[in-house]
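1. Build the 3D model from these lines:
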Amino acid sequence: MTEAARKVGFITGGGSGIGLGIAAALAATGARVALMGRDAEKLGRAAVTLPASAATLTIAGDVGVEADVERAVAAVVERFGRLDYGVNAAGTGSMGGVAEQPFESWAFVLRTNLDGTMLALKHEAAAMLKLGNGGSIVNVSSIAGVLTHRLMSAYCVSKAGVEMLTRCAADELGEHGIRVNALRPGLVPTDLAAPLAAHPLVRADYAALMPLRRLGTVEDIAAAAVFLLGDSASWITGQVFAVDGGHTLRGGPDVSLLLK
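-> From the prediction side, this is the model:
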């Protein structure tokens with residue numbers, strides 16, 4: 001495969017966790033990858049963990065700031081000459097009851113998780129439309145998009161919005177050969193989810209609600225993302241794939257156990 005023909009993926013939240021895992025899985029297929037995140041040093045550390053054969057670009061910026069996202073996507077196209085895959089994995093969370101959570105905390109979660117996904121998708125899609133070669137976008141949702149999580153209403157609402165955004169974008173962009181899908185992970189021990197995964201009571205509660213009775217791994221999610229992005233899923237769009245050990249067959253976890 002020539003350098004010009006190698007696929008290019010742009011990954012938000014690429015400095016760690018699920019975003020970095022998907023970047024590594026894409027790089028293993030021969031794709032070139034661009035990582036976006038807030039922390040330039042963290043992105044640099046992430047980039048050196050990728051396969052030596054990968055051509056990697058890192059771009060520091062905030063997905064909640066449109067100018068940052070527009071600049072990042074433009075940098076990818078300028079560097080590689082194409083954009084085939086968009087992976088929107090940047091996210092954050094908070095805890096607080098609906099009657100006492102500070103609005104600033106609510107707004108920050110929504111700005112990062114929902115607005116950030118919208119802005120990334122907007123500029124990824126615009127670049128793909130301009131290039132005229134189609135493309136594939138995967139947004140990262142959560143089981144919290146369809147199952148209540150006590151004390152995590154901002155996170156739940158943001159992920160529910162990501163799932164509807166995915167469906168709307170797929171409906172609009174399909175005629176241009178651009179597919180848009182989402183992943184709905186269960187609990188995966190990442191930096192963001194570490195407090196949940198490490199707490200014995202919470203971890204046991206999650207396991208009790210999963211038929212497969214184990215937490216997920218970054219590799220579980222990355223494998224599903226590579227499938228949805230690639231040609232094997234060429235007739236799949238507008239779908240939300242739960243990769244959760246069967247958790248969504250049952251009910252939402254009780255994360256208030258963190259307080260006990």
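2. chain center to the helix or strand of the chain with the lowest mean pLDDT: distance?
-> The weakest-scoring helix or strand in the chain, judged by mean pLDDT, DSSP states H and E, is helix 194-198 (a mean of 88). Centroid displacement of helix 194-198 relative to its chain, using C-alpha atoms, centre = their mean, to the nearest Å, is 19 Å.
3. try stretch 168-178
-> Computed by C-alpha atoms, centre = their mean, the separation of stretch 168-178 from the middle of its chain amounts to 19 Å.
4. Next, the buried residues of that stretch.
-> 169-170, 173, 178 (16 or more other C-beta atoms under 10 Å). Yep, even glycine has a C-beta here, placed from its N, CA and C like the rest.
5. try stretch 243-250
-> Residues 243-245, 247-248 are the ones in stretch 243-250 that count as buried (16+ other C-beta under 10 Å).
6. could those go into a markdown table alongside pLDDT, secondary structure and distance to Val109?
-> Below are the buried residues of stretch 243-250 laid out as a markdown table (pLDDT from 0 to 100; DSSP: H, G, I helix; E, B strand; the rest coil; distance: C-beta to C-beta, whole Å):
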| residue | pLDDT | secondary structure | distance to Val109 |
| --- | --- | --- | --- |
| Val243 | 98 | strand | 22 |
| Asp244 | 98 | coil | 21 |
| Gly245 | 97 | coil | 25 |
| His247 | 97 | helix | 21 |
| Thr248 | 97 | helix | 21 |
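7. and of these, the nearest to Ala72?
-> When the buried residues of stretch 243-250 are compared for distance to Ala72 (C-beta to C-beta), Val243 comes out closest, at 26.2 Å.
8. could you pull out the helices for the stretch 1-150 of the chain?
-> For the stretch 1-150 of the chain, the helices defined by DSSP state H, counting those that start in this stretch occupy 17-28, 40-47, 66-80, 103-110, 116-131.
9. Good, wrapping up.
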